[in-house]
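# Predicted coordinates and the sequence they were generated for:
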Amino acid sequence: MTRPAKDFFAPLAVGAPTPLREIPARPSRAIHFFDPGNEKMAAKVPDMVGTVDVLLGNLEDAVKAENKERSRQGLVDIARATDFGPTQLWTRVNSLDSPWGLDDLVTLVTEIGDKLDVIMVPKVQGAEDIHYVDRLLAQLEAKAGLDRPILVHAILETARGVANVEEICGASPRMQGLSLGPADLAADRRMKTTRVGGGHPGYLVRQDPTRDDLGVPQYDAERTTYQQDLWHYTIARMVDACAMHGIYPYYGPFGDIKDVQACEDQFRNAFLLGCVGAWSLHPVQIAVANKVFSPSVEDVAHARRVIAAMGDGTGAVMIDGKMEDDASVKQCQVMVALADELAAIDPELKKQYDAIELEA
Ligand SMILES: CC(C)(COP(=O)(O)OP(=O)(O)OC[C@H]1O[C@@H](n2cnc3c(N)ncnc32)[C@H](O)[C@@H]1OP(=O)(O)O)[C@@H](O)C(=O)NCCC(=O)NCCSC(=O)C[C@](C)(O)C(=O)O
Ligand SMILES: [Mg+2]
């Protein structure tokens, strides 16, 4: 059972900071993963500050078992030595059933809790996992004397997690968002794929056969096929669950690092459906995510025109041959609000969006 409404925003430990009533909409177009125990990657982190919205020290999958403690300590060292300025610092801890999950949480919150914005919890199955983390974080925050709550981000990567997605989002006021974990989710669902995110050429629909003059179907004639998006259903469920709870959905990883074009397409599908960002596994993917998850200058220009033409936001007007009304102006407001948030932290984008005003 969830807590009664009157207790939902009460701290879960004496001395813990009061939970937030609203999750701030901080730009997080790219969540860039690095292994803090990998010297080459770690060395690049200080120079990446300011070039990416989120830097995430990954301790879970992709870190070898024998390096788990080294990566955890590496993150402590990097967090202490680095001024992150406008860039958020997140971590992905090991799963709650692993030998490392508890020590990850205890060490990171007590040692660098003041630097950490969000803790990503993998393989979340239901509200009970969030409740466990919620109470533990409150105890650790109180112990560390932190004055602001650390937020929690869940990865949706089991069938049970997807089935429980709404209750996961609403399990704690710490819930910041959700990411799709397509590789673990595919394995857990017993999907017959072997990839980390992205599409599959076998998941397609085929055009109907043409017919000859007698109406006989020509099954052997060439027919166009259209590849479909394997992740549409899951992303759409995530987006609805997050929107309902006022938190943020993210695509997740795209494992084919060299195929930046397909990565861009997959990210854009997620953006159009309502996601605010995606993961970057390699520096080359940061630019892809920043581009996709920033509204285009054309869309912002159009949105501003509609807002201006709609006055108090009610009624209907024609712009470029199309009807605009109360509902379309709301979409335009979403676009413009995002553009304003991004312009506040990205001077290059600000220049582009400001130029629209000059032309108008
Ligand atoms: C893909 C890999 C192996 C290619 O690594 P590479 O060394 O072969 O690449 P490279 O192009 O040769 O690298 C060039 C330079 O960039 C550096 N570099 C390379 N990557 C990074 C990075 N991320 N951050 C900072 N620096 C990086 C690298 O060290 C190298 O430095 P150098 O020029 O000094 O030699 C490597 O990029 C990597 O390990 N990336 C992170 C992988 C990761 O975090 N995976 C886990 C997330 S996905 C996941 O868990 C699934 C999920 C959600 O759970 C589920 O669907 O279930
Ligand atoms: Mg995973």
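Nice, I can see it. Ligands and ions are numbered 1, 2, ... in the order given.
# hey, where'd the helices end up in the stretch 51-200 of the chain?
For the stretch 51-200 of the chain, the helices defined by DSSP state H, counting those that start in this stretch cover 68-81, 101-112, 127-144, 159-163, 165-169, 182-189.
# Please work out which of those is packed deepest.
Counting by mean count of other CB atoms under 10 Å, helix 165-169 has the highest mean neighbour count of those, with a mean of 21. (Glycine included, C-beta is placed from N, CA and C.)
# hang on, the earlier thing: out of the helices of the stretch 51-200 of the chain, flag the one nearest Tyr248.
Among the helices of the stretch 51-200 of the chain, helix 165-169 comes nearest to Tyr248, with 10.2 Å by CB to CB.
# Show me what the closest one is packed up against.
If contacts are counted by 3 or more CB pairs under 8 Å, 6 or more residues apart in numbering; DSSP states H and E, helix 165-169 sits against helix 127-144, strand 151-156, strand 175-180, helix 232-245.
# Check whether Leu342 really touches Pro27, as I assumed.
Yes: the criterion here is CB atoms under 8 Å, and Leu342 meets it with Pro27 at 5.5 Å.
# Between these two, tell me which one has more neighbours.
Higher neighbour count among Leu342 and Pro27: Pro27, with 23 against 20, using other CB atoms under 10 Å.
# picking up where we left off before, make TSV out of the helices of the stretch 51-200 of the chain and add mean pLDDT and distance to ligand 1.
Shown next, in TSV, are those (pLDDT from 0 to 100; distance: least, CB to the nearest ligand atom, whole Å):
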stretch	mean pLDDT	distance to ligand 1
helix 68-81	98	11
helix 101-112	98	14
helix 127-144	98	15
helix 159-163	98	11
helix 165-169	98	16
helix 182-189	98	3
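# export the ones you listed to JSON lines and tack on distance to ligand 2?
Formatted as JSON lines, these follow (distance: least, CB to the ion, whole Å):
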{"stretch": "helix 68-81", "distance to ligand 2": "15"}
{"stretch": "helix 101-112", "distance to ligand 2": "14"}
{"stretch": "helix 127-144", "distance to ligand 2": "14"}
{"stretch": "helix 159-163", "distance to ligand 2": "11"}
{"stretch": "helix 165-169", "distance to ligand 2": "16"}
{"stretch": "helix 182-189", "distance to ligand 2": "4"}
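# Could I get the ones you listed in CSV, plus columns for distance to Phe8?
Formatted as CSV, the helices of the stretch 51-200 of the chain follow (distance: least, CB to CB, whole Å):
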stretch, distance to Phe8
helix 68-81, 30
helix 101-112, 22
helix 127-144, 11
helix 159-163, 22
helix 165-169, 13
helix 182-189, 29
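# closest to Tyr233 out of these?
helix 159-163 (8.9 Å).
# which residues are in contact with that closest one?
123-126, 154-156, 168, 185, 188-189, 234, 237 (CB atoms under 8 Å, 6 or more residues apart in numbering).
# let's see it at 7 Å
With CB atoms under 7 Å, 6 or more residues apart in numbering as the contact definition, helix 159-163 has outside contacts at 124-126, 156, 168, 188-189, 234, 237.
# Could you do stretch 265-280 as well?
28-33, 179, 197-198, 229, 235-236, 239, 243, 248-254, 286, 288-289, 292-293.
# now, which of those residues lie within strands?
The strands, defined by DSSP state E, take in 30-33, 179, 248-250 from those.
# coming back round to it: near ligand 1, from the contacts of stretch 265-280?
Subset of the contacts of stretch 265-280 in contact with ligand 1: 33, 252-253, counting by CB under 6 Å from any ligand atom.
# Of those residues - the most surrounded one?
Highest neighbour count within those: Gly252, with 29 neighbours (other CB under 10 Å).
# Might one say that it is in contact with Pro182?
Yes: applying CB atoms under 7 Å, one finds Gly252 in contact with Pro182, separated by 5.8 Å.
# could the contacts of helix 159-163 be laid out in a markdown table, adding distance to Asn58?
As requested, these are exported to a markdown table (distance: CB to CB, whole Å):
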| residue | distance to Asn58 |
| --- | --- |
| Val124 | 16 |
| Gln125 | 20 |
| Gly126 | 23 |
| Leu156 | 17 |
| Ile168 | 21 |
| Asp188 | 20 |
| Arg189 | 23 |
| Thr234 | 22 |
| Arg237 | 25 |
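# Quick one: work out the angle between the helix or strand harbouring Leu272 and strand 30-34.
Using DSSP states H and E, Leu272 maps to helix 260-273. Here helix 260-273 runs at an angle of 130 degrees relative to strand 30-34 (axes from the mean of the first three to the mean of the last three CA atoms, to 10 degrees).
# residues of helix 260-273 that come out buried?
263-271, 273 (16 or more other CB atoms under 10 Å).
# where does the stretch 151-300 of the chain have low pLDDT?
Of all residues in the stretch 151-300 of the chain, none has pLDDT under 70.
# Val14 is nearest to which of the helices of the stretch 51-200 of the chain?
The nearest among these, by CB to CB, is helix 127-144 at 6.3 Å.
# Who are the packing partners of the closest one?
Other elements packing on helix 127-144 under the criterion 3 or more CB pairs under 7 Å, 6 or more residues apart in numbering; DSSP states H and E are helix 101-112, strand 151-156, helix 165-169.
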